[in-house]
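J.: Output the structure for:
(chains A and B)
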Number of protein chains: 2
Amino acid sequence: MDSAEEMSFTKRLEQAWESSGSLVCVGLDPFVERFPEHLSSEEEPVFVFNREIIDATADLVCAYKPQIAHYSALGAEEQLEKTIAHIKRSFPGIPVILDAKRGDIGSTAEMYAREAFERYGADAVTVNPYLGGDAIEPFLRRADKGAVILCKTSNPGGKDLQDLRVGKKALYQIVAEKAVTEWNENQNVLLVVGATYPRELGEVRSIVGEMPLLVPGIGAQSGDVGSAVVNGKNAQGTGVVINSSRGILYAGQGRDFAQAAREAALKLRDQINSFR
Amino acid sequence: MDSAEEMSFTKRLEQAWESSGSLVCVGLDPFVERFPEHLSSEEEPVFVFNREIIDATADLVCAYKPQIAHYSALGAEEQLEKTIAHIKRSFPGIPVILDAKRGDIGSTAEMYAREAFERYGADAVTVNPYLGGDAIEPFLRRADKGAVILCKTSNPGGKDLQDLRVGKKALYQIVAEKAVTEWNENQNVLLVVGATYPRELGEVRSIVGEMPLLVPGIGAQSGDVGSAVVNGKNAQGTGVVINSSRGILYAGQGRDFAQAAREAALKLRDQINSFR
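T.: Got it, this is the predicted structure:
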């Protein structure tokens, strides 16, 4: 159980929190329209952009989270493969969460797991619980890989289903309970709870014990960093992976964009740590 | 409003039901391991397999439904593009439903819509309602494109969330209600209801009026064709798109696999029509 390959996903995440001293996750969501102009002559602008961002921020983060639609809309699957391979090669201690919000039945779910873990080499993948336990089972089965289940998402429309009352509980609370009691046999489940809902974040923390939470929604979506950390952290002062995408990626628009991204990541790391 | 491009998705589907006299949808879910041996020397076996199946069944179906994980697990995005382009070129009247079960927040949902409709040129895409209305809005917005929302899925685990009681209703019934009352302004919404749950299929039909339903789960998943048609059809004797994947694709294993697929599709079409 010494090598990174054999270690459980949660263990690897704990090591990444420990060694980086950071709860920051950088979301690798490339918008080519917002890239610095000098990258427009590159043959693989998405990969070059990501590589620069990664090299400038790797000592400040506990994870990277590429969002797959930003690649598949462009037909840039190869650049996503290269991005993840670069992280694995240069910074093998940093887990990669593929944000793909997958979920399908039986043999198809197995195909999605193959895509995330074998083709792309991701360490974890976000999954959607609407299809139930058997649809996420191919993700849960691999203890060395994380299944990051949507619980209470950061968007306003999340309430449409997630806040519906099932008896005395909201649907997202039921998802949190199932995550702990039914789906976490391999200790590799995480939940997504948006920073835009700090009260709900605290409720989920009280349901799930020490389970790690992926927290999007700060920055462009206006979630508050302080209340996300205070309500989301576990007893060790860790337990949260706080994602920032645009606030870091597009902090600068010039040739020094990677340095600007580093400064934004550093500032966020320190701001988060002041609440731990 | 004469050209296929300007017509609403529902209208196009109605025309496809009418002109084919069929409610059959062939699910294009390639398992390379199950391909006839003589295709193993092909450079693009997935595309060749699909093309043969399509050419042999096009007069017997109202839609094709490629499941994207079967392509992305293999890195075969180009073969998916070619498959859809082949349908558009050779059989422009047949709608293509990209089965991708997408759903994400704001700008990311827009990227997924771009992937489905612009990159792949699909006519409709399956989407997951767990993130709520704003997450599917980029799909709902385009009247000429269909949004096929998961409601009551065919797998046993579907019950984990979908059958939870919200007041006096099941969650899947709430989804059906929202689909009719909130999400269908552009008359381009369909719902997924598994043939494995015929009673629930009838309930959803009674909630949604004439809205088309995509019905997977016959064949390998043992849903009954007769009760699917009887419970799912609308007042016109249409309203359902009944999907079969493995039962048609792998009806034969030899050089005559496409002919065997045709026979299986013909048999299914006639079986369905006997219950209309």
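J.: Can you pull the phi/psi pair for the residue in chain A sticking out farthest from the centre?
T.: For chain A, the residue at maximal distance from the C-alpha centroid (C-alpha atoms, centre = their mean) is A:Gly167, at 30.7 Å. Backbone torsions of A:Gly167, given as degrees, to the nearest 10, read phi 60, psi -130.
J.: likewise A:Ala260?
T.: Phi and psi for A:Ala260, reported as degrees, to the nearest 10, are phi -60, psi -40.
J.: so how far is A:Glu42 from it?
T.: For A:Ala260, the distance to A:Glu42 equals 19 Å [C-beta to C-beta, to the nearest Å]. (Glycine included, C-beta is placed from N, CA and C.)
J.: picking up where we left off before, spatially nearest residue to the residue farthest from the centre of chain A, not counting backbone neighbours?
T.: Nearest residue to A:Gly167, sequence neighbours excluded (C-beta to C-beta, 6 or more residues apart in numbering or on different chains): B:Arg165, at 7.5 Å.
J.: repeat for A:Asn234
T.: A:Glu210 (4.8 Å).
J.: A:Gly121 too?
T.: Spatial nearest neighbour of A:Gly121, chain neighbours left out: A:Ile84 (5.3 Å); criterion: C-beta to C-beta, 6+ apart.
J.: for that neighbour, helix, strand, or coil?
T.: Taking DSSP: H, G, I helix; E, B strand; the rest coil as the rule, one finds A:Ile84 in the helix state.
J.: Contact partners for it?
T.: For A:Ile84, the contact set (C-beta atoms under 8 Å, 6 or more residues apart in numbering or on different chains) comprises A:Pro66, A:Val96, A:Leu98, A:Tyr120, A:Gly121, A:Ala122.
J.: that older thread, before we move on, what SS does the residue nearest to A:Asn234 have?
T.: Recorded secondary structure, A:Glu210: coil (three-state DSSP).
J.: and stretch A:33-50, which residues are buried?
T.: Going by neighbour count (16 or more other C-beta atoms under 10 Å in any protein chain shown), the buried part of stretch A:33-50 is A:Phe35, A:Pro36, A:Leu39, A:Pro45, A:Val46, A:Phe47, A:Val48, A:Phe49, A:Asn50.
J.: cool, and stretch A:165-176?
T.: Going by neighbour count (16+ other C-beta under 10 Å), the buried part of stretch A:165-176 is A:Val166, A:Lys169, A:Ala170, A:Leu171, A:Tyr172, A:Gln173, A:Ile174, A:Val175, A:Ala176.
J.: just to revisit the earlier point, can you flag the buried ones in the contacts of A:Ile84?
T.: Counted by 16+ other C-beta under 10 Å, the contacts of A:Ile84 give A:Pro66, A:Val96, A:Leu98, A:Tyr120, A:Ala122 as buried.
J.: In strands only, show me those residues.
T.: Of the buried ones among the contacts of A:Ile84, the ones assigned to strands by DSSP state E are A:Pro66, A:Leu98.
J.: Show me the beta-bridge partners of A:Val240.
T.: A:Val240 forms beta bridges with A:Leu213, as assigned by DSSP bridges.
J.: which ones are touching it?
T.: With C-beta under 8 Å, 6+ apart, A:Val240 has these contacts: A:Leu23, A:Pro212, A:Leu213, A:Leu214, A:Val215, A:Ala228, A:Val229, A:Gly232, A:Lys233, A:Asn234.
J.: likewise A:Arg141?
T.: A:Arg141 neighbours (C-beta under 8 Å, 6+ apart): A:Asn186.
J.: which parts of the stretch 1-150 of chain A sit against chain B?
T.: Proximity of the stretch 1-150 of chain A to chain B (C-beta under 8 Å from any C-beta of the partner chain) is limited to residues A:29, A:31, A:67, A:69-70, A:72-75, A:77, A:101-109, A:111-112, A:114-115, A:118-119, A:128-135, A:137, A:150.
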